[in-house]
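Student: Below is the sequence, then the predicted model.
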Amino acid sequence: MTAMSPVYAQHLPHPRTLLGAARMTLEPLEGPNSLHFKAYAARRMGYHDEARDLWEGLADEGDADALFELARMAELGLGEPCDARRACTLYQRAAQLGHHAAKTRLS
């Protein structure tokens, strides 16, 4: 999954506020992107371990968006020490799967 359908994205709320993030972690979501939204919400609320667990599960299945988000967490040190080498490796894996932002980040 390298890009979410704009039509599908319009139907799901995005956790733009802490209250929205809290609501999303409690609300059962259905659909192919529900784990991504739960991970975004968890990261927004500062639950970095939970977000990482969700994205690692998706990354194990070859999800480029999850790899990109894990790379950002490693680069920024969210819930873990900053690790530029790990971030670069994850960006490269995401880029190989066609993730455009990862390609840009590597250039």
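Tutor: Structure received.
Student: ok, the residue nearest the centre of the chain - contacts?
Tutor: For the chain, the residue nearest the mean C-alpha position is residue 69 (3.8 Å; C-alpha atoms, centre = their mean). Residues counted as contacts of residue 69 (C-beta atoms under 8 Å, 6 or more residues apart in numbering) are 39, 43, 51, 55. C-beta: built from backbone N, CA, C; applies to glycine.
Student: secondary structure element for it?
Tutor: Using DSSP states H and E, residue 69 sits in helix 64-76.
Student: what do you get for residue 62?
Tutor: Using DSSP H and E, residue 62 sits within no helix or strand.
Student: Relative to residue 102, how far out is residue 94?
Tutor: Counting by C-beta to C-beta, to the nearest Å, the gap from residue 94 to residue 102 is 4 Å.
Student: rewinding a little: I'd like the contacts of residue 69 laid out as TSV, including secondary structure and pLDDT.
Tutor: Output for the contacts of residue 69, formatted as TSV (DSSP: H, G, I helix; E, B strand; the rest coil; pLDDT from 0 to 100):
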residue	secondary structure	pLDDT
39	helix	90
43	helix	91
51	helix	94
55	helix	93
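Student: Would you mind listing the two of those that lie farthest apart?
Tutor: 43 and 55 (8.7 Å; C-beta to C-beta).
Student: Looking only at neighbour counts, state which of the two leads.
Tutor: Applying other C-beta atoms under 10 Å to residue 43 and residue 55 shows that residue 55 carries more neighbours, namely 28 against 22.
Student: Return the distance of residue 94 relative to residue 78.
Tutor: The gap separating residue 94 from residue 78 is 17 Å, by C-beta to C-beta.
Student: In terms of neighbours, single out the busier of those two.
Tutor: Legend: neighbour count by other C-beta under 10 Å for residue 94 and residue 78, higher for residue 94 (28 against 17).
Student: Go through the helix or strand harbouring that one and flag the buried ones.
Tutor: Taking DSSP H and E as the criterion, residue 94 maps to helix 84-96. Residues of helix 84-96 classed as buried by neighbour count (16 or more other C-beta atoms under 10 Å): 86-87, 90-95.
Student: pLDDT (mean, whole number) over it?
Tutor: The pLDDT scores in helix 84-96 average 97.
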